[in-house]
Every structure is written in C-alpha cells, then in structure tokens.
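[1] Provide a 3D model corresponding to the input given below.
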Amino acid sequence: MAVLINKITICGYGLIGGCMSLDFQKQRGSKTSLVTAYDRPTVLSRLKKNKTHKVSTEKNFNKAVSGSDIIILSATHTANEQMLIRLSKTKDLTNCLIIDTGAVKNPIKRVSRKLKFQTGTQFLPTHPMAGREKKGFENSSGKLFSNHAWYLEDSVKLNKTNKAKLNWMIKKLRAKPTYITAELHDELVSEISHLPQLISTLLGAQVNHKLIQLAGPGLKSMLRLSGSPYSVWAEIIDNNRKEIIKSLKLYSENMNMVIGRIKNKKSLEEVFRSASRSYKCL
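    Okay, the predicted model is just below:
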C-alpha cells in the first residue's frame, strides 16, 4: 500500500530523534520541511542555528503535533508517557501513527492500554537497537539505524494505513524490523544492552583514569559505553530494575566462577571458547 507522508513530528529532538530526522531529510525533494521538532525552548534555539538539521521548530505541543502523519516520542521515558497521554486527549489528531523509542517497553505499554485515541490514530511501542555514548542532536548523524534491529511491539495490530507508514519509516531508516512483545523485549535488552553498559561503567569507575593513556585498544574499546550520561541511564535502570538485577546476578555468578578457577589454578579454556562463539556471531 502506497502512503503519502507530509509531516513527521519528533517530540524530544535529541540524539535518536536527530539521527532519524537526518535520514528523513534525505528523502525530501521539495523545500518544505518534512520534520517538525518539539522540545524545550533552549533545544529549539540551538536547532534553529544549526545548518545540518533543516527542520521546522514548534514550542507549542498542540501546534507541533497537529496534522502529523507520524509522531515520534523520543524524549525521556517519563516525558514520553506524559506526551502520549496528552495525545490521547488531542481531538483533531486522526489517522496518525504514534511510536516511541524508549529503551524499556513495559511501562509505556501499560500506560497506552488505558488510553483511547481519535479515529485511525494508533500507538506502537518501539525501540531502535542503536545509539551513541554522547547525547544531543549535535552528535547525531545519518545511517545510525542501518542494519540494526528495531524492536516493534508484537501485540499491536496496526490498520493498513499505519502499517504502510511504519514500513515507509523502517525502509527510510534501513533498519531491521523485529517484532517482539514488550515483556520479552525488556528481558532480552537487560542482557544484551543494559548489562554491557553497566559492565563498561563499573570498569571505567574502577580503572585509575590517570592510566588510561597507557592502555591499549582493548581497554579503550571496552570503555566506550562508560561515556554514556547517567541522566539517560538512570531512568532506564529504574524502569527495568527487575530484569537488570537478574542479568547482574548471573554475571556475578559467572565472575565468581572465574575467580574460583583462577584461584584453584583451573583452566578457563571453555569460558574463552564460549566467548569466542559469541564474538564470531558479530
């Protein structure tokens, strides 16, 4: 089904929103901006001065979302939930696809179940498995999502129009659509995303920062995620606490096993072999 996209509103124009916007901008032949950015006045002020991000800016929420074909909620988890509630009360918002990009899916899914939207408007919880250790649209670039999984809530059945809009969006971003339930998503990302972040953070906190310049590429590559801001991760950890604790406990058990083997002069060959199998999957 062919679909015409005239307006995409990005609510929360940070790193993820900025990267999406750059990919969308490449698809626009006319001088009319396809993307409208809604954010704090300070962010919009910096955005207006930026020559790379050619978007419309709007500080009024209702004006920003009015007439949108697609609305992307890419702010903090709490802000996304609050904006979703506001969208359910917006009377003139019809035939619109609403998605979010939060790293934890269960909380906003629970909120959405209590909401009713205008005719043809639907909400789909999503999560792109891509990002950087730096925040802000100034650090965004195109093709961030290319060949990366983009998780889509499996239980939501979109109508034909919104399904076409989703397919259009995923194609422009060159992402790999992966349908999964919010419950399974939060369980999986606790191990493949949240655990690596915390391991990198703990390593960065443990290593004497004065010795970093003496380190080889191994340590430097492991410390990449340690540059991620706590302001981003505090909410993720809080929203997925139960699953993160499970992953940390399993990691702790494996770490104790390694300590025991080293202490008792036993081989770690099988551990290295298992790790190598994971590495080869990259």
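
[2] contacts, neighbours, all on C-alpha from now
    Will do.

[3] Count the neighbours of K51 for me.
    8 (other CA atoms under 10 Å).

[4] Give me the distance between it and L22.
    Distance of K51 to L22, given as CA to CA, to the nearest Å: 12 Å.

[5] Repeat that for P229.
    For P229, the distance to L22 - CA to CA - is 23 Å.

[6] same thing with D154?
    With CA to CA as the criterion, D154 and L22 are 27 Å apart.

[7] same check, this time on A215
    In terms of CA to CA, A215 sits 35 Å off from L22.

[8] These two: which has the busier surroundings?
    Higher neighbour count among A215 and L22: L22, with 22 against 9, using other CA under 10 Å.

[9] ok but the more buried one is inside a strand, no?
    No - with DSSP: H, G, I helix; E, B strand; the rest coil as the criterion, L22 is assigned helix and is not in a strand.

[10] surely it meets N139?
    No - counting by CA atoms under 8 Å, L22 stays clear of N139, with 11.6 Å between them.

[11] The stretch 151-282 of the chain: strands as residue ranges?
    With DSSP state E, counting those that start in this stretch as the criterion, the stretch 151-282 of the chain has strands at 176-180.

[12] Just list the residues touching the closest residue to K54 other than its chain neighbours, thanks.
    Distances taken as CA to CA, 6 or more residues apart in numbering put S33 closest to K54, at 6.9 Å, once the chain neighbours are dropped. Shown in contact with S33 (CA atoms under 8 Å, 6 or more residues apart in numbering): 25, 54-56.

[13] For K51, see how far away S33 is.
    Applying CA to CA, the value for S33 to K51 is 13 Å.

[14] Could you do G120 as well?
    Taken as CA to CA, the span from G120 to K51 is 35 Å.

[15] now swap in E138 and tell me
    Taking CA to CA, one finds E138 at 11 Å from K51.
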